[in-house]
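> Build me a structure from this.
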Amino acid sequence: MIKLALLLLISTSLFSQMTMGQSAEKNYFNKLDNCIRTSDLKNISGHFTQFSQLVRTTKSELCESDLGEDTLQIARSVLAMQRIDVEPIERDEADDFTRRAIQEKDWWVYFKQRASKFSVPKNCRPGVVAYVIGGPFSDGTIYLCRPYFEMDVPGQIEVLMHEVRHFDGHRHVTCSRGAAKGRSGACDETIVSKGSYAISVQAGVELSFNKQLTSAQRAVSEAGAIFLMVNRFNKVPKVKAQTNVLLSNSLGEIWKGETENGALTDLSLVGELDQPSRIYSNGSALTVFPLNLEGDAYRVSNDLTGRISAIGSFASKYNSESIPERAKYKSFSYSGTGLIAKGKEIISTCNPDSELNAVVFTPEKISSLITFETSPFNISTSVLGESGSIYVVDCDSSKGQITIKKLKTKMPSFITDSFTVDGIQYALTDTGILAYLDFTLSPSEPKLIPVFEKQPGVVWVSAATVSTFDIFEREKELELANVLAGL
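Predicted structure coming up:
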């Protein structure tokens with residue numbers, strides 16, 4: 001509880017500093033403000049001439065009714081980038097999260113030297129956020145698709161930096177691993193090559209520490225950097241990380257299990273949700289699905305200090321469903337090949353031409369989804385059938401199809417969650433018991449050994465592994481020290 005209080009203190013202190021520091025200047029990181037100052041737009045219209053006609057007005061501010069929604073969002077993200085104050089991260093040769101694709105502290109100068117205009121095409125391929133044409137021979141046009149306009153402002157800045165990097169001649173390759181395995185033009189070969197995904201990671205990391213942003217925006221930037229680092233480089237990057245476990249219980253509490261050599265050692269209370277819920281981790285954020293089917297899914301930072309507006313396609317789909325349809329959802333997995341188990345179907349993001357793709361799982365009835373992990377960069381998602389059989393699900397992004405492979409190993413079908421920590425496989429049962437799986441007596445049918453005995457009348461509802469990356473923990477500790485020093 002002390003740690004939670006200190007984190008809340010940090011958030012309050014940073015918010016106060018941000019409010020005081022930006023009182024004389026418009027906050028273009030706030031997407032809820034639908035107006036921009038005419039003088040600010042005029043300042044960038046000399047370079048981005050598509051704005052020049054718009055500033056020929058006596059109005060002191062231009063709003064959505066004057067500009068249109070798309071132009072407003074483009075101008076706002078560009079003005080936010082112009083004002084971004086980047087603090088470079090200290091380099092650690094053992095951690096590629098500290099690697100910088102560009103050395104420029106002033107992103108705005110780097111950006112405007114390469115980009116000249118923006119275009120919003122009527123037809124983009126499904127899932128495409130933005131693109132450029134021609135690389136170093138381009139006219140400097142960045143094409144922005146609908147998903148761009150659904151992002152928060154820091155996310156839009158990251159996309160702009162990613163796309164402008166292509167003007168330096170960096171191209172993508174086919175993914176040989178990760179969530180987009182098999183997909184053409186969706187990865188970089190290595191982070192060392194300093195291509196567009198390297199600059200995306202750099203932007204995500206440095207934005208996650210930027211005090212001009214809200215705590216929720218910073219959490220989204222951190223989660224984005226983690227996802228890209230894990231999934232968008234064919235050669236696995238070097239990172240410093242530790243895996244911990246987050247558990248939710250029937251009281252709505254979230255507990256953190258520390259690990260040492262795969263063994264769960266200590267439990268500490270992180271905080272409490274509004275109601276009992278299942279939780280799923282996708283980096284530095286949790287997606288929360290209330291047990292009460294009338295409650296909508298939402299996303300929150302791992303420390304529970306801030307709601308995140310971008311809830312993801314899985315939660316959005318769930319929230320769009322009726323109560324009877326929500327009751328069919330059995331399990332979600334944000335690891336490896338992201339999957340939903342709903343009734344007789346498994347729903348994935350495998351097909352690049354559609355946001356979500358549903359197929360009937362024909363081998364048998366689905367019990368739950370489980371994961372096997374050898375590192376944060378090697379996670380497989382599997383279906384656990386009602387017979388106890390395990391089916392590894394993989395994605396061939398080049399064909400937009402999933403593949404299913406049955407394993408010899410079995411698990412009890414009453415397992416609702418299963419995950420790996422440093423080679424030890426854990427499971428959560430439908431009666432709320434957390435256990436590790438002992439394969440010594442039978443490699444094909446493991447024995448369950450309970451850990452962390454339940455409190456009377458309280459059961460575990462869900463469990464999720466969280467990879468804690470040293471770079472983000474180090475910066476949070478420095479923030480905590482700075483706040484305490486100022487008290």
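> ok, and the closest non-adjacent residue to residue 67?
Leaving out its chain neighbours, the residue that sits closest to residue 67 by CB to CB, 6 or more residues apart in numbering is residue 54, at 6.4 Å. Using the backbone N, CA and C atoms, a C-beta is placed for each residue, glycine as well.
> likewise residue 84?
The shortest distance from residue 84 to any non-neighbouring residue, by CB to CB, 6+ apart, is to residue 107 (5.7 Å).
> So that neighbour is in contact with residue 88, correct?
No: using CB atoms under 8 Å as the test, residue 107 is too far from residue 88 to be in contact (11.4 Å).
> Looking at the two, which has the bigger crowd around it?
Residue environment comparison for residue 107 versus residue 88 gives the larger neighbour count to residue 107, 23 against 13, counting by other CB atoms under 10 Å.
> returning to what we had before: correct me, but the residue nearest to residue 67 touches residue 61?
No: between residue 54 and residue 61 no contact is recorded; they are 11.9 Å apart, counting by CB under 8 Å.
> thinking again about what came up before, relative to residue 436, how far out is the residue nearest to residue 84?
Applying CB to CB, to the nearest Å, one obtains 46 Å for the distance of residue 107 from residue 436.
> so who does the residue of the chain most remote from its centre touch?
Here the centre of the chain is the reference, and by CA atoms, centre = their mean the most remote residue is residue 58, at 42.2 Å. With contacts defined as CB atoms under 8 Å, 6 or more residues apart in numbering, residue 58 is in contact with no residue.
> That one and residue 75: what is the separation?
Using CB to CB, we find residue 58 at a distance of 18 Å from residue 75.
> and if you look at residue 38?
With the distance defined as CB to CB, residue 38 ends up 11 Å from residue 75.
> And residue 163, by the same measure?
Distance, residue 163 to residue 75, by CB to CB: 17 Å.
> Equivalent analysis for residue 268, please.
For residue 268, the distance to residue 75 (CB to CB) stands at 45 Å.
> For the stretch 251-400 of the chain, which segments count as helices?
Here the stretch 251-400 of the chain has its helices, by DSSP state H, counting those that start in this stretch, at 312-319, 323-326.
> residues near residue 144, how many?
What residue 144 shows, counting by other CB under 10 Å, is a neighbour count of 25.
> The residue positioned nearest the centre of the chain is in what secondary structure piece?
Taking CA atoms, centre = their mean as the criterion, residue 223 is the residue nearest the geometric centre of the chain, at 3.8 Å. Secondary structure here is read from DSSP states H and E; on that basis residue 223 sits in helix 215-231.
> so how far is the first residue of stretch 223-241 from its last?
Distances were taken as CA to CA, to the nearest Å; on that basis the terminal residues of stretch 223-241 are 14 Å apart.
> should've said stretch 308-316
Counting by CA to CA, the length from the leading to the trailing residue of stretch 308-316 is 13 Å.
> do the same with stretch 209-221
End-to-end distance for stretch 209-221: 9 Å, by CA to CA.
> Please identify which of residue 38 and residue 75 sits among more neighbours.
Neighbour tally, residue 38 and residue 75, criterion other CB under 10 Å: the higher count belongs to residue 75, 23 against 19.
> OK, contacts around the nearest residue to residue 406 once chain neighbours are set aside?
Using CB to CB, 6+ apart and skipping residues adjacent in sequence, the residue nearest residue 406 is residue 391, 5.3 Å away. By CB under 8 Å, 6+ apart, residue 391 lies in contact with 361, 363, 382, 383, 385, 404, 405, 406, 407.
> ok, 7 Å please
Neighbour list for residue 391: 363, 382, 383, 385, 404, 405, 406 [criterion: CB atoms under 7 Å, 6 or more residues apart in numbering].
> Next one, pLDDT for the nearest residue to residue 52 once chain neighbours are set aside please.
Distances taken as CB to CB, 6+ apart put residue 45 closest to residue 52, at 4.5 Å, once the chain neighbours are dropped. Note for residue 45: predicted pLDDT of 96.
> can you count the residues close to residue 45?
18.
> repeat for the one 5 residues further on
A count of nearby residues for residue 50, using other CB under 10 Å, gives 14.
> these two touch, right, it and residue 116?
No: with the criterion set as CB atoms under 7 Å, residue 50 and residue 116 do not qualify as a contacting pair; they are 9.1 Å apart.
> Find residues that contact each of these two.
Any residue near both residue 50 and residue 116 by CB under 7 Å, 6+ apart counts here, and not one turns up.
> ok, the residue nearest to residue 406 to residue 397 distance?
Here the criterion is CB to CB. By it, residue 391 lies 19 Å from residue 397.
> picking up where we left off before, pairing partners for the residue nearest to residue 406 in the sheet, please.
Per DSSP bridges, the residues bridged to residue 391 are residue 383, residue 406.
> same deal with residue 271?
Residue 271 forms beta bridges with residue 254, as assigned by DSSP bridges.
> That one: neighbour count?
Other residues near residue 271 come to 18 when the count uses other CB under 10 Å.
> Report pLDDT for it.
The confidence metric pLDDT takes the value 95 at residue 271.
> and it, how far is that from residue 386?
Distance check for residue 271 against residue 386: by CB to CB, it reads 35 Å.
> Spatially nearest residue to residue 172 (excluding sequence neighbours)?
Beyond its immediate neighbours in the sequence, the residue positioned closest to residue 172 (CB to CB, 6+ apart) is residue 185, lying 4.3 Å away.
> residues near the one you found, how many?
Other residues within reach of residue 185 by the criterion other CB under 10 Å amount to 12.
> and if you look at the one 10 residues further on?
When neighbours are counted by other CB under 10 Å, residue 195 registers 25.
> close enough to count as contact, it and residue 189?
No: taking CB under 7 Å as the definition, residue 195 is not a contact partner of residue 189, at 8.0 Å.
> so what's residue 359 bridging to?
With DSSP bridges as the criterion, the beta-bridge partners of residue 359 are residue 346.
> ok, and for stretch 134-153, which residues are buried?
By neighbour count, and taking 16 or more other CB atoms under 10 Å as the criterion, the buried residues in stretch 134-153 are 138, 140-145, 147-149, 151-153.
> do you know how far residue 232 is from residue 168?
According to CB to CB, residue 232 and residue 168 sit 18 Å apart.
> which one of these two has more residues nearby?
residue 232 (24 against 16).
> quick one: what helix or strand has the nearest residue to that one once chain neighbours are set aside in it?
Closest residue to residue 232 apart from its sequence neighbours, by CB to CB, 6+ apart: residue 197 at 4.4 Å. Following DSSP H and E, the helix or strand that holds residue 197 is helix 196-208.
> Just the C-alpha atoms of that helix, please, in PDB.
Backbone C-alpha positions of helix 196-208 (Å, rounded to 0.1, in the frame of the first residue of the first chain) are rendered in PDB as follows:
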ATOM      1  CA  SER A 196      11.900   2.800 -38.800                       C
ATOM      2  CA  TYR A 197      11.000   0.300 -36.000                       C
ATOM      3  CA  ALA A 198      14.200   1.200 -34.100                       C
ATOM      4  CA  ILE A 199      13.100   4.900 -34.200                       C
ATOM      5  CA  SER A 200       9.600   3.800 -33.100                       C
ATOM      6  CA  VAL A 201      11.100   2.000 -30.100                       C
ATOM      7  CA  GLN A 202      13.200   5.100 -29.300                       C
ATOM      8  CA  ALA A 203      10.200   7.300 -29.600                       C
ATOM      9  CA  GLY A 204       8.100   5.100 -27.400                       C
ATOM     10  CA  VAL A 205      10.800   4.900 -24.700                       C
ATOM     11  CA  GLU A 206      11.600   8.600 -24.600                       C
ATOM     12  CA  LEU A 207       7.900   9.600 -24.700                       C
ATOM     13  CA  SER A 208       7.200   7.200 -21.800                       C
END
